[in-house]
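Q: Take a look and give me a structure for this.
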Amino acid sequence: MADNDNDAPQVYLLGKTYLANNQGQFYIRNDPIVNMAAGDRHTIIVTESGRAFAFGDNSSGQLGLGHTNNVDKVSCIKSLKFGDTGERVILAACGRESSLVATNHGSIYAFGSNSRSQLGIKSPDSNTVNPQPVKIDSFKNKMVWKQIAMGAEHSCALTDEGVVYVWGANDDGQCAQPRKNDVVPIPMELRVECQINAISCGYYHTALVDENGRLLLFGNNDDRQLGRSMPDKFAGPIEVSIPNKVKAVACGNQHTVVLTVNGEKHKNYFSCENLIQIDKTEISDIVLELALASVHTNANALGISTIVNLNTLILFAFELINTNMLVLF
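A: Here you go, the predicted structure:
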């Protein structure tokens, strides 16, 4: 890890961080960063070679480093180095005090707090803290993972065949199960009519985009993050009517942002009180990925923006940033 090679993909952090001296920029030497995830106060980084790095708050073992001490430098998760097996980490997701990583061999490893079964592992103690990555053994077949996501205390995973699995807290219906089932202890397949193309988790709600470009939401709606005018909780997926097909979705703590496709034009929408179009300007194809994290104020990583064509990853609080435009919401 270094901080002065202009040719390497850079990570920028805004605001207070857990890194020593409030460091605001770094990169991984000779190993481009390909995926990132931010929790409330911790971050997981995945590199092209399949290594996983972590830093930030570690009070529940959410960094996967085998201990519960906070970490002020970018540290490799050595237990996720698989030697000559060919297995490597490809995806990461962070919750409030928990983390997931997926590998190219179809495994998902979980670590951190399992207070609401958000790790998807069987545990005799619901308050178990797991500082070492533990493989979720509930998946019967070898999966090819397209996306993984975590809310405050629930988790979601999407396969390349459009199948969705959910587990963890369900008090608000965020796992799309009847709310009397307040916890989904291990991953279960979510039955939907169509294949799913994209997923995202807010603190207590979940969003799906199906193969037809429809947006499906469920869970907590106290701040109208489901695009419904009446605050309530919805345990089953509800379709939100949007003028154009949805390409991507990202959930914050209590809000939702979607990227729609209209020919070659991309537009941003978000729901808060109701569905609001926030910008009519065409977003350049430089935007390759839409992602947001919760609204954090004293976090090590304040959010994740887009991966742009300069291989620069920018972390932020309230802004979607690319090299051509700035959108505030």
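Q: Sketch out the low-pLDDT regions of the stretch 101-250 of the chain for me.
A: Flagging of the stretch 101-250 of the chain using pLDDT under 70 yields the residue ranges 124-127, 231.
Q: can you give me the strands in the stretch 1-150 of the chain?
A: 11-12, 25-26, 33-38, 42-47, 52-56, 71-76, 89-94, 98-103, 108-113, 129-135, 145-150 (DSSP state E, counting those that start in this stretch).
Q: Include distance to Lys245 when you put those strands into JSON lines, please.
A: C-beta coordinates here come from the backbone N, C-alpha and C atoms, glycine included. Listed next are these as JSON lines, based on distance: least, CB to CB, whole Å:
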{"stretch": "strand 11-12", "distance to Lys245": "32"}
{"stretch": "strand 25-26", "distance to Lys245": "37"}
{"stretch": "strand 33-38", "distance to Lys245": "25"}
{"stretch": "strand 42-47", "distance to Lys245": "29"}
{"stretch": "strand 52-56", "distance to Lys245": "34"}
{"stretch": "strand 71-76", "distance to Lys245": "38"}
{"stretch": "strand 89-94", "distance to Lys245": "24"}
{"stretch": "strand 98-103", "distance to Lys245": "27"}
{"stretch": "strand 108-113", "distance to Lys245": "29"}
{"stretch": "strand 129-135", "distance to Lys245": "36"}
{"stretch": "strand 145-150", "distance to Lys245": "18"}
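Q: out of these, nearest to Gln177?
A: Closest approach to Gln177 among the strands of the stretch 1-150 of the chain (CB to CB): strand 145-150, 16.8 Å.
Q: just checking, what packs against that closest one?
A: Here strand 145-150 touches strand 89-94, strand 98-103, strand 154-159, strand 196-201, going by 3 or more CB pairs under 8 Å, 6 or more residues apart in numbering; DSSP states H and E.
Q: Show me the contact partners of stretch 179-188.
A: 116-117, 120-122, 136, 138-139, 154-155, 157, 165-173, 175, 177, 233, 235 (CB atoms under 8 Å, 6 or more residues apart in numbering).
Q: and the end-to-end length of it?
A: 15 Å (CA to CA, to the nearest Å).
Q: repeat for stretch 225-238
A: End-to-end for stretch 225-238, by CA to CA: 12 Å.
Q: what's the answer for stretch 188-208, then?
A: For stretch 188-208, the end-to-end distance is 16 Å (CA to CA).
Q: try stretch 75-92
A: OK, stretch 75-92 end separation, CA to CA: 15 Å.
Q: Show me which residues of that stretch are buried.
A: For stretch 75-92, the neighbour count (16 or more other CB atoms under 10 Å) marks Ser75, Cys76, Ile77, Ser79, Leu80, Glu87, Arg88, Val89, Ile90, Leu91, Ala92 as buried.
Q: Ile108 contacts Ile148, doesn't it?
A: Yes - Ile108 lies in contact with Ile148 (CB atoms under 8 Å); the separation is 6.6 Å.
Q: Mind listing the shared neighbours of the two?
A: The contact lists of Ile108 and Ile148 share Leu100, Val101, Ala102, Ala157, where a contact means CB under 8 Å, 6+ apart.
Q: Among these, give me the pair with the biggest separation.
A: With distances taken as CB to CB, the most widely separated pair in the shared contacts of Ile108 and Ile148 is Val101 and Ala157, at 11.2 Å.
Q: Overlap of the contact sets of these two?
A: Contacts common to Val101 and Ala157, judged by CB under 8 Å, 6+ apart, are Ile108, Ile148.
Q: For the closest residue to Gln118 other than its chain neighbours, give me its contacts.
A: Closest residue to Gln118 apart from its sequence neighbours, by CB to CB, 6 or more residues apart in numbering: Gly168 at 3.7 Å. Going by CB under 8 Å, 6+ apart, Gly168 touches 116-120, 151, 153-155, 174-175, 183-184.
Q: helix, strand or coil for Leu217?
A: When classified by DSSP: H, G, I helix; E, B strand; the rest coil, Leu217 comes out as strand.
Q: Roughly how far does the residue lying closest to it once chain neighbours are set aside sit from Ala169?
A: Sequence neighbours aside, Leu226 is the residue nearest to Leu217 in space, at 4.3 Å (criterion: CB to CB, 6+ apart). Computed as CB to CB, to the nearest Å, the Leu226 to Ala169 distance reads 17 Å.
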